[in-house]
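A.B. asks: need a 3D model of the sequence below.
(one chain, ligands or ions: 1)
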Amino acid sequence: MNILLFGKPGAGKGTQAPKLAESLGAATLATGDVLRSAVREGTPLGRKAKEFMDRGDLVPDDVILGVVGEALARPEYARGAVLDGVVRTVPQAEGMHRVLKASGRTLDAVVYFDIDNDHIVERLSGRTVCEKCQTPYTGRNAGEACDKCGGTLVRRKDDEPDAIRNRLKVYEA
Ligand SMILES: [Zn+2]
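C.D. replies: Purely as a prediction, here's the structure:
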């Protein structure tokens, strides 16, 4: 079973993906995760991606889709994949179609997360992260102590309301 999760940043794809994967006996494939692990492992595509990241540029679609394609060949995806954040644009959707075809897979479902912007801003601005161990929290305020290590919880710049609205604008464009 291969499922693609689609929708705005902050809509909850990353929260639902592991739950869905678990109930289907599949594994989650998040673009950011596979990209980071390719860079860490120093694969040819990972090294290529790192060149763009080091310059502060966006990693091009063909590199991202290549990394996703390589990840899909791993045994953990033998029973299926829940694809999270792989497709944001029409060219990425077309590219993903080719990657799936090449790996002999078909998509069983696309789940669209339809949520209005005000809810996303409310949801993300309620998120904090431990300064020390990076554990994420929802519904806890900045300045409180981390349950795990006692570090201070902070709100990431990315999760400030203005930054969120800007990300949503970029997504809609
Ligand atoms: Zn902590």
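A.B. asks: where does Tyr112 fall, secondary structure wise?
C.D. replies: Here Tyr112, judged by DSSP states H and E, is contained in strand 109-113.
A.B. asks: got the residues of the chain near the ion?
C.D. replies: 130, 132-133, 135, 146, 148-149, 151 (C-beta under 5 Å from the ion). C-beta: built from backbone N, CA, C; applies to glycine.
A.B. asks: please repeat the previous calculation with a cut-off of 8 Å.
C.D. replies: Contacts of the chain with the ion, taken as C-beta under 8 Å from the ion, map to 130-135, 146-151.
A.B. asks: next, the residue in the chain sticking out farthest from the centre: secondary structure please.
C.D. replies: Most distant residue from the mean C-alpha position of the chain: Gly150, 27.5 Å away (C-alpha atoms, centre = their mean). Classification of Gly150 by DSSP: H, G, I helix; E, B strand; the rest coil places it in coil.
A.B. asks: nearest residue to it in space, ignoring adjacent ones along the chain?
C.D. replies: Leaving aside its chain neighbours, Gly150 sits nearest to Lys132 (8.0 Å; criterion: C-beta to C-beta, 6 or more residues apart in numbering).
A.B. asks: likewise for Met1?
C.D. replies: Leaving aside its chain neighbours, Met1 sits nearest to Gly80 (4.1 Å; criterion: C-beta to C-beta, 6+ apart).
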